[in-house]
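J.: Need coordinates for the below:
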Amino acid sequence: MSAESNEHALTDVVDDVEKANDDGAPAKVASVSRLEEEGEIAADYLEELLDIADIDGDIDIEVRSGRTYISIVAEDEVDNLDALVGADGEVLEALQELTRLAVLSATESRSRLVLDINGYRKERSGHLLKIAEQAVATVKETGQPVALEPMSAYERKIIHDAVADLGLVSESDGEGAGRHIVVSAD
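T.: Numbers count the residues shown, from 1 in each chain. Model (predicted):
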């Protein structure tokens, strides 16, 4: 490990100790400075990628709820970033994973950053909430569990939270690309 890597590791340990709870237990929240560093590394990586692809876009970084959120938005209405989203967000998911790998390579620490392009995730979240509501209504009407389409871990989290808020139970089932949610009454 390089001296710089050792310094980062030491900084993370010091941050954890300084953020210890009153009972001495380390805080679970990642330090804001570490998340900001993730954001800067991710933004640099994505900026370089946009330059190579000759695509214009503004990159915004936000840290909230212990996560780094990166957004790429079109500078002009004529700029089209849809190619970076792809069908059903597949290209977006791949770019997010590549960006996480770039952060891992630079920091030697896994990242939970979330990448959004032109508001795709926000729009998709609204659609996922409707799916969750429909599944809950069907389970309440029929009493039978409802299996949903396979989706990413991020999307499954949105569904799990929505189903819990609506008073039912959900669990992930399946493996790999076929991993999906089953909504049930208990």
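J.: When you work out contacts or count neighbours from here on, use the C-alpha atoms and nothing else.
T.: OK.
J.: distance of the residue lying farthest from the centre of the chain from Ile158?
T.: Ranking residues of the chain by C-alpha distance from their mean position (CA atoms, centre = their mean) puts Thr142 at the top, at 33.1 Å. According to CA to CA, to the nearest Å, Thr142 and Ile158 sit 23 Å apart.
J.: Over to Glu62?
T.: 19 Å.
J.: was I right about Glu149 contacting Val182?
T.: No: using CA atoms under 8 Å, Glu149 makes no contact with Val182, being 9.3 Å away.
J.: So which of these two has more stuff around it?
T.: Counting neighbours by other CA atoms under 10 Å for Glu149 and for Val182 shows that Val182 has the greater number, 18 against 10.
J.: What values do phi and psi take at the closest residue to that one other than its chain neighbours?
T.: Among residues not flanking Val182 along the chain, Ala147 sits closest, at 4.3 Å (CA to CA, 6 or more residues apart in numbering). Main-chain dihedrals, Ala147, degrees, to the nearest 10: phi -90, psi 130.
J.: Any idea how many residues pack against Ala147?
T.: By other CA under 10 Å, neighbour count at Ala147 equals 16.
J.: Before we move on, what's the pLDDT of the residue nearest the centre of the chain?
T.: The chain has Val114 as the residue nearest its centroid, 3.3 Å off, counting by CA atoms, centre = their mean. Per-residue pLDDT puts Val114 at 94.
J.: Look up how far Val136 lies from it.
T.: Val114 sits 27 Å away from Val136 when distances are taken as CA to CA.
J.: Over to Gly167?
T.: The gap separating Gly167 from Val136 is 9 Å, by CA to CA.
J.: Give me the more crowded residue out of these two.
T.: Each of Gly167 and Val136 has its neighbours counted (other CA under 10 Å); Val136 has more, 25 against 10.
J.: Give me the neighbour count for the nearest residue to Asn80 once chain neighbours are set aside.
T.: Leaving aside its sequence neighbours, Asn80 sits nearest to Ala74 (CA to CA, 6+ apart; 6.8 Å). Ala74 has 17 neighbours, counted by other CA under 10 Å.
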